[in-house]
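A.B. asks: Here is a sequence with its predicted model. Questions after.
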Amino acid sequence: MNIAHYLDSTYLKTSNQSGLSEDETLQQVKKLTQEAIDHHIFAVMIRPDYVAEVKKMITKNHSQVVVGTVIGFHEGNSSAEEKLAEAAKAIENGADELDFVINYRAYLKGEISIVENEFISCTQLCFKHNKIAKWIIEIAALNNEQIADLTKKISEWAETNFPENYLKKIFIKSSTGFFETNDGKPNGATFEGIKIMLKNAGKLPVKAAGGVRTKKDAETMIELGVKRIGTSSALSLLSDTSSSEKDY
């Protein structure tokens, strides 16, 4: 099993969160990118501000590493119009994949039309430019029934609004890695949560993000059926060493 082909190597800390300067943060992003190039990791997942620089670096190295970025991150409660504008700029700067944080707070309030509208409009934008769309549902904010229901709704909206051959380009993703939980509960992917997502995702692929820090965990996730894994511990997974880092 080549785990590298499943990995989105992730660095999403802002300068304020890391305590680094803007230039030092950029250097961390470049280091992550070079590691992905050297180890043939499938993708890097970075903030939109760094997309243009990273795309240039990957092109210069004649690498096939995919550039992913996050939209509406990390709260997900920006409007559909704001997400569309942010996504359009990221696409213009060279992003290949866009991971949108779905408005799960609107979902929890029962404002389903808001969630459906942003899903359809933002996914349409991605397909217009031949990009991959991933939708983060933030499972740590949901109970098991809500995880199942929101996953199923996304699957149904996808199958209703897009051709079948496009469905493999719409992922449902577990987590941002930034949600604050209580009592030490996991804020990322869990085996239980991923199983629920897989059961309800229909024809859509699932991405596990956050909390996958060992090679064994990654292999288990892949065996369960996930198609991608988002992690800030990519090299640890490949070298089979555990990591205590948060998956930002």
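C.D. replies: Good, I have the coordinates. Numbering: from 1, shown residues only.

A.B. asks: the helices in this protein, which residues?
C.D. replies: With DSSP state H, the ranges of helices along the chain come out as 15-18, 22-39, 51-60, 80-92, 104-108, 112-128, 144-161, 191-200, 215-224, 234-239.

A.B. asks: could I get the ones you listed as CSV with mean pLDDT, distance to Val67 and mean neighbour count?
C.D. replies: In this view, the C-beta of every residue, glycine as well, is placed from N, C-alpha and C. Shown next, in CSV, are the helices of the chain (pLDDT from 0 to 100; distance: least, Cβ to Cβ, whole Å; neighbours: other Cβ atoms under 10 Å):
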stretch, mean pLDDT, distance to Val67, mean neighbour count
helix 15-18, 90, 20, 12
helix 22-39, 96, 9, 17
helix 51-60, 98, 5, 17
helix 80-92, 98, 9, 17
helix 104-108, 98, 25, 18
helix 112-128, 98, 14, 18
helix 144-161, 98, 23, 18
helix 191-200, 98, 25, 19
helix 215-224, 96, 21, 17
helix 234-239, 91, 15, 20
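
A.B. asks: Turn those helices into a markdown table, columns for distance to Ala4.
C.D. replies: Below are the helices of the chain laid out as a markdown table (distance: least, Cβ to Cβ, whole Å):
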| stretch | distance to Ala4 |
| --- | --- |
| helix 15-18 | 25 |
| helix 22-39 | 6 |
| helix 51-60 | 15 |
| helix 80-92 | 24 |
| helix 104-108 | 30 |
| helix 112-128 | 24 |
| helix 144-161 | 27 |
| helix 191-200 | 20 |
| helix 215-224 | 10 |
| helix 234-239 | 6 |
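
A.B. asks: Minimum distance to Phe178: which of these has it?
C.D. replies: Phe178 lies closest to helix 15-18 among these, at 8.9 Å (Cβ to Cβ).

A.B. asks: so what does that closest one touch, helix or strand wise?
C.D. replies: If you count contacts as 3 or more Cβ pairs under 8 Å, 6 or more residues apart in numbering; DSSP states H and E, helix 15-18 packs onto helix 22-39.

A.B. asks: picking up where we left off before, wait, which of the helices of the chain is closest to Ile136?
C.D. replies: Counting by Cβ to Cβ, Ile136 lies closest to helix 104-108 out of these; the figure is 8.4 Å.

A.B. asks: Fine by me, thanks again.
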